[in-house]
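Undergrad: please find the sequence and the predicted model below.
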Amino acid sequence: MRTAPSLLSLTIDSALLNLSNISDLSPIPEHILLDLFLRTLRAGKLNEKILKLFIATGKEEILSLIEALNIQHIVTPVLPTRCSERF
């Protein structure tokens, strides 16, 4: 027989489903934030906005995990536009 999920587990699952609506993760304790980050990776929901959200917390364990996994910001190149007809 399966055991019922804990309230913490249900809360993290709910946060994962609504992560795009969350604007600040800094009040969350580091161990919960780490679990949320790992579940975000497993679910394949890490995008640029969510990555910035985790980085903005400034939590050392999260930042070191991001660095260890070599997760980087996507740099959008600035493409030159045609400024005159001389080209």
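TA: Great, that's in hand.

Undergrad: from now on I want contacts and neighbour counts done on CA atoms only, so please keep to that.
TA: OK.

Undergrad: tell me how far the helix or strand where residue 52 lies lies from the chain's centre.
TA: According to DSSP states H and E, residue 52 maps onto helix 48-55. Remark: helix 48-55 is offset 4 Å from the chain centroid, using CA atoms, centre = their mean, to the nearest Å.

Undergrad: list the buried residues of it.
TA: 50, 51, 53, 54, 55 (16 or more other CA atoms under 10 Å).

Undergrad: what's the next secondary structure element after that helix?
TA: Trace forward from helix 48-55 with DSSP H and E and the next one is helix 60-68.

Undergrad: quick one on the thing from earlier: by contact count, what packs against the helix holding residue 52?
TA: helix 60-68 (3 or more CA pairs under 8 Å, 6 or more residues apart in numbering; DSSP states H and E).

Undergrad: what does the helix it packs on contact?
TA: With contacts defined as CA atoms under 8 Å, 6 or more residues apart in numbering, helix 60-68 is touched by 30, 33, 34, 37, 54, 55, 72.
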